[in-house]
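> my questions are about this predicted structure, shown below with the sequence.
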Amino acid sequence: MNAIARLGAVAVLLVAAAGCPTNQQSMINAAGPGARSISHLALFVFVVFGIVALVMFALILIPALRRKGTLAEHAPVDAGGGQGWILIGGIAVPFVILVVIFGWTIAELENFPLHGDGEHRADIRITGRQWWWDVEYVGESPNQRVKTANEIHIPVGQPVVIELESADVVHSFWVPRLHGKVDLIPGVTNRIRIQADQPGIFDGQCGEFCGVGHSKMRLLIVATAPEQFAQWIALQALPAVDPVGDLERRGKMLFETKACGLCHTIRGTDALGSIGPDLTHLASRRGLAANSIPNDRAHLTAWITRAQFFKPEVKMPNLADLTGEELTALSAYLQGLK
Ligand SMILES: [Cu+2]
């Protein structure tokens, strides 16, 4: 493929990507104030640089098209004159453009509350782990303090301050339709303030390579009306429901006695581990394993025995020595944890 055809293909792809309003992870398709002001800056840069490029191409083309005669007929290059072009086109114009973009970018940092201001305490603390998001709501009253994973509910139309930490390597919190990226760095607490204008589900993704499972470290922001959010958090604050059926009761007993409880907590049971996600309300989540697989019976059962297949090198071993009957009981129990 020659260079022009290749450029053409890239241009077509860019136009197609930009015109995709349903694209869930598009920063152009902003759904909150943070992403919107970033996309305005991006649009400004794109348009201004586009104009600069057009002017430059014109300045190259016009003399080329106007050339007359042969080289031999031309007088030697006139070393004097033309400084105006350099002063204005080469220094003044780029200076103005770059100063405006610099100032705007610095002003944009307002949207990233990196230093905690005493008044705005964080609403949520997220700890990045290889390769999932440990989520803790740190509300003022105990019934607003909740642990969950990978799926973050927020009330629509309200700013939500999130504290970001890491338990292992550098990760990056990125929900393109709501805001830019902020890194989760071991030993450092960063902050981000997100807000969703409309109810909806916004896909996010770890934005910093963090190991083999990086691409499977996804998160969901679920924005709902404030009343619905209050209901959700009240439900999440409850301990796990006690199983009623025999099968589910056996599942609970297995969970507490097999290895599961060493790594996972189910509040209200003897399982108190903290290596893996809190499973107290597992069945209320949309996805499993940081939203890399759907949360249904088939995937849940397969995950328990073959976690390494779904997420190579994941910090949960394949629990392949469970019998079929034990597995059925376990997944029946877990599926009941609404
Ligand atoms: Cu990552």
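Sure, I can see it.

> can you give me the strands in this protein?
Using DSSP state E, the strands of the chain run over 124-129, 132-138, 145-149, 151-155, 160-166, 171-173, 182-184, 190-194, 200-205, 218-224, 287-288, 293-294.

> can you list those in CSV and add mean neighbour count?
No exception for glycine: its C-beta is placed from N, CA and C like everyone else's. CSV is the format used below for the strands of the chain (neighbours: other Cβ atoms under 10 Å):
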stretch, mean neighbour count
strand 124-129, 21
strand 132-138, 21
strand 145-149, 21
strand 151-155, 22
strand 160-166, 21
strand 171-173, 26
strand 182-184, 21
strand 190-194, 23
strand 200-205, 19
strand 218-224, 21
strand 287-288, 20
strand 293-294, 14
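
> distance to Thr328 and mean pLDDT added to the ones you listed, as TSV?
Shown next, in TSV, are the strands of the chain (distance: least, Cβ to Cβ, whole Å; pLDDT from 0 to 100):
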stretch	distance to Thr328	mean pLDDT
strand 124-129	29	96
strand 132-138	25	96
strand 145-149	24	93
strand 151-155	26	97
strand 160-166	37	94
strand 171-173	35	97
strand 182-184	37	95
strand 190-194	40	90
strand 200-205	31	95
strand 218-224	28	96
strand 287-288	17	96
strand 293-294	19	96
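
> next up, the contacts around Gly128.
Counting by Cβ atoms under 8 Å, 6 or more residues apart in numbering, Gly128 touches 134, 164-168, 171, 173, 184, 206, 210, 217.

> closest to Gly32 among these?
Phe173 (13.9 Å; Cβ to Cβ).

> could you check how far that closest one is from the ion?
Remark: distance between Phe173 and the ion (Cβ to the ion, to the nearest Å) = 10 Å.

> now Gly261
Distance of Gly261 to the ion, computed by Cβ to the ion: 28 Å.

> ok, that residue touching Asp270?
Yes - using Cβ atoms under 8 Å, Gly261 is in contact with Asp270, at 6.2 Å.

> contacts only, for the closest residue to Gly139 other than its chain neighbours.
Residue nearest to Gly139 in three dimensions, not counting chain neighbours: Arg145, with 5.9 Å by Cβ to Cβ, 6 or more residues apart in numbering. When contacts are counted by Cβ under 8 Å, 6+ apart, Arg145 touches 136-139, 237.

> please, where are all the helices along the stretch 51-200 of the chain?
Under the criterion DSSP state H, counting those that start in this stretch, the stretch 51-200 of the chain carries helices at the ranges 83-84, 93-108.

> give me whichever of those is most buried.
Greatest average neighbour count among the helices of the stretch 51-200 of the chain goes to helix 93-108 (a mean of 12), per mean count of other Cβ atoms under 10 Å.

> what's that one in contact with?
37-38, 41, 44-45, 48, 52.

> I'd like the distance from it to the chain centre, please.
27 Å (Cα atoms, centre = their mean, to the nearest Å).

> how about the CA coordinates for it, as PDB?
Output in PDB follows, covering the C-alpha atoms of helix 93-108 (Å, rounded to 0.1, in the frame of the first residue of the first chain):
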ATOM      1  CA  VAL A  93       1.700  33.100  15.900                       C
ATOM      2  CA  PRO A  94       3.000  29.900  17.500                       C
ATOM      3  CA  PHE A  95       3.700  31.800  20.700                       C
ATOM      4  CA  VAL A  96       0.100  33.000  21.000                       C
ATOM      5  CA  ILE A  97      -1.300  29.600  20.200                       C
ATOM      6  CA  LEU A  98       0.900  27.700  22.600                       C
ATOM      7  CA  VAL A  99       0.400  30.200  25.400                       C
ATOM      8  CA  VAL A 100      -3.400  29.800  25.000                       C
ATOM      9  CA  ILE A 101      -3.200  26.000  25.000                       C
ATOM     10  CA  PHE A 102      -0.800  26.100  28.000                       C
ATOM     11  CA  GLY A 103      -3.100  28.400  30.000                       C
ATOM     12  CA  TRP A 104      -6.200  26.400  29.200                       C
ATOM     13  CA  THR A 105      -4.400  23.100  30.100                       C
ATOM     14  CA  ILE A 106      -3.300  24.500  33.400                       C
ATOM     15  CA  ALA A 107      -6.800  25.700  34.100                       C
ATOM     16  CA  GLU A 108      -8.100  22.200  33.200                       C
END
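
> sweet, I'm off.
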